[in-house]
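**Student:** coordinates only, no sequence provided:
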């Protein structure tokens, strides 16, 4: 009798651990989703994969880091400073770096040159960061860093991840509302459906591109603010999120915002549950493998439009 | 390109360039300069192989380092375990790379180009992570992150080992000439016309009877085959390599950069790009690397962006124009 | 036997029926006109025939074999070629290069393909443009290039999607003469066109589409008299009862 009881408590413990890692995967995954939203938005409108995406996240993380470190403010108060800053960073990057190249290839359906130019931006940003801030890993100690929420059943969740989860959904809904109801949002959606038709309708496509790029970078800046309280900052931090974000947007369907968040959650859960059974490099391999498999069987992803590939 | 082959002056010019290329090792004795030259040709060769897909077929492969790795590991493992001469191992690696390239290409080359770019990139990174985490495949040693060491045998043609840098120089020069010749022949053939057409407008190409994905997959196979040969060359020249040195993103991106700066989809673009960027890369790394780590990569990125804005077809365009003008002037006088 | 037979073809996009139960027959060496107001489904019907997408229902038979659902490149190889309403030249290549791509459909040798391309260019009176880059051509020249490229594949039948749109009156005259020449060379033509003057002058038989469905067919003279057609084009108000 006592033997089975022992087994039962073992099983309960096991369930609790699995549940905890599921929850953690959900939280971290939603933050991954947030890091990918900007990428998918920019792709949807410009049809360009922005390889500088991870570097933009890195810039956002440094911006949040310095905001918090220099003033000692609550980490989430950095958001109203970092997000608008990042919007203009993206807006001008599009205007002065990407747009001139884009115009040269404007008749091409898929501007390869532009893609490569974004990788040039990636190299420049990452290495400028290396020259300015050095290779050192920086950790910021905020009022939420390392704090836990305790749930019944011995389940602990990291506070900054919970806040990140909440912010992901708030910003997702805001973005959704913006694209559905505002004039600018509608113009962005029209351009992403058919850039020629939209520009015939009097939409200034280059202004739309800049704004869309700006919004994409702003959301990524938000992701930076969310990450900084529990993730260290260093010049090449972007690349880890970069590749993950690429996989997430394909998983969710290139161009789809809900797809990006859901894709992020799937990747987050695979990582955290996988971490219980294998070393983290192997979970990384599982994700790469799943990604390639997905391209074989359902390249449109979960939410991708059939006409968009 | 056509003008380059037709006129008599061009033939003389090509012959002169070739002669200089052949004589260089007789004149230059400094091993470090020879090393830079060999790496320049090595990258010119790699980029020319890449160019068959990335240039002519109009898609963007971002994981070509994976095929370099496949070449290096295949020939080296076959040599270390079975004593197979790396010359044959090199061909085996090429075939394996072509097969894998086709497997990746078939599903993705039908889709929008973004998928192909991301799939090749994920494959390249995935392969690096895999190799770093594997010590053996069955009985075969891979050695994870420590890489593979080839035992020194001294001068031995059958072992693909030479004591003089000049030998390696001539091997890579020959490989480069072969890929350039193949590119030139391809571009003048039906395959070349069909590839370019499919790269420019897949819909119009299909309406003219072209099975666009099939030709892209074919280009991918050829490209991967030749890329893998470079892997064996790298392994035999350094006699040591590890995952980070030949796999991973940096090399894949550098190849794409050289192609774009030189002139994507042209025969001479990759060579000119490598001639400009490789020595620049070495010198900035040597002279600025100590003071400002990463500066050479910032310069790389800046050159890329400026060239793309002001010379979107790469530096080959103003250079050929300059060459024509000089030729014209000589003829005029 | 009819060269092309379209039997009860439907094409649906979600809830929208773009082509609704269309049947038509094309005999060898005819010129068939397809007309209809904007959005009548003409281009969609073309796309179904040329393989850009499969028909949702119905049969398309070309030279006795079913081609519905085949890929565009397969259909072209069978001898059914098309042009695009929005021209799609290979912009960074020369005119000769563009046409040579088409000519490779029937040969593997470049020398032969180039010779063929030059012949086609001469036939269409544009061989003086052979070394011009396609992106530097004017619109009428681009339309003619589109035609040359399709002709170079040596089709038995050509689908022409608005090759005259955007041309000036004198240019239309030239194009009409060219199309007559192409027919005289033994190619069957199916043309979608808005320019009535051209379609009336060229067609042996005309099909009229409206809202995806066939509303009339007949000789040019019959179509010009047809009340349904006039109503479709101009609306009810314009139909006058003739005495």
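**Tutor:** Yep, it's here. Since we're looking at a predicted model, the values are computed, not measured.

**Student:** and the lengthiest helix in chain C, how far out from the chain's middle?
**Tutor:** Secondary structure assigned by DSSP state H gives helix C:169-184 as the longest helix of chain C. With C-alpha atoms, centre = their mean, to the nearest Å as the basis, helix C:169-184 stands 14 Å off its chain's centre.

**Student:** name the residues of that helix that are buried.
**Tutor:** Residues of helix C:169-184 classed as buried by neighbour count (16 or more other C-beta atoms under 10 Å in any protein chain shown): C:171, C:172, C:175, C:176, C:178, C:179, C:182, C:183. Quick note: C-beta positions are derived from backbone N, CA and C, even for glycine.

**Student:** what's the closest of those residues to chain A?
**Tutor:** Chain A lies nearest to residue C:171 out of the buried residues of helix C:169-184, by C-beta to the nearest C-beta, at 23.4 Å.

**Student:** which non-adjacent residue is nearest the closest one?
**Tutor:** residue C:140 (4.8 Å; C-beta to C-beta, 6 or more residues apart in numbering or on different chains).

**Student:** can you pull the contacts of that neighbour?
**Tutor:** Neighbouring residues of residue C:140 by C-beta atoms under 8 Å, 6 or more residues apart in numbering or on different chains: C:167, C:168, C:171, C:175.

**Student:** most centrally placed residue in chain C?
**Tutor:** By C-alpha atoms, centre = their mean, the mean C-alpha position of chain C lies nearest to residue C:160, the distance being 1.7 Å.

**Student:** gap between that one and residue C:74?
**Tutor:** 20 Å (C-beta to C-beta, to the nearest Å).

**Student:** residue A:38 now?
**Tutor:** Taken as C-beta to C-beta, the span from residue A:38 to residue C:74 is 41 Å.

**Student:** quick one: buried residues of stretch C:182-199?
**Tutor:** For stretch C:182-199, using 16+ other C-beta under 10 Å, the buried residues are C:182, C:183, C:187, C:188, C:189, C:190, C:191, C:192, C:193, C:195, C:198, C:199.

**Student:** excluding its backbone neighbours, what's nearest the residue of chain C found nearest chain A?
**Tutor:** Taking C-beta to the nearest C-beta, chain A has its nearest neighbour within chain C at residue C:91, 6.7 Å off. Of all residues not flanking residue C:91 in the chain, residue C:135 sits nearest, at 4.0 Å (C-beta to C-beta, 6+ apart).

**Student:** is the one you found in a helix, a strand, or coil?
**Tutor:** helix (DSSP: H, G, I helix; E, B strand; the rest coil).

**Student:** phi, psi of the closest residue to residue B:190 other than its chain neighbours?
**Tutor:** Excluding the flanking residues, the one nearest residue B:190 by C-beta to C-beta, 6+ apart is residue C:104, at 4.8 Å. Per-residue torsions, residue C:104: phi -60, psi -10 (degrees, to the nearest 10).

**Student:** ok, residue C:104 touching residue B:193?
**Tutor:** Yes: between residue C:104 and residue B:193 there is a contact at 5.8 Å, judged by C-beta atoms under 8 Å.

**Student:** list residues touching both of the two?
**Tutor:** Contacts common to residue C:104 and residue B:193, judged by C-beta under 8 Å, 6+ apart, are residue C:113.

**Student:** flag every residue of chain C that's near chain A.
**Tutor:** residue C:91 (C-beta under 8 Å from any C-beta of the partner chain).

**Student:** state the pLDDT value of the residue nearest to residue B:190.
**Tutor:** pLDDT, residue C:104: 95.

**Student:** can you check residue C:194 too?
**Tutor:** On the pLDDT scale, residue C:194 gets 83.

**Student:** so it touches residue C:162, yeah?
**Tutor:** Yes: counting by C-beta under 8 Å, residue C:162 is a contact partner of residue C:194 at 6.6 Å.

**Student:** which ones are touching whichever residue of the stretch 101-250 of chain B sits closest to chain A?
**Tutor:** Of all residues in the stretch 101-250 of chain B, residue B:126 sits closest to chain A, at 3.4 Å by C-beta to the nearest C-beta. Counting by C-beta under 8 Å, 6+ apart, residue B:126 touches A:285, A:288, A:289, A:292.
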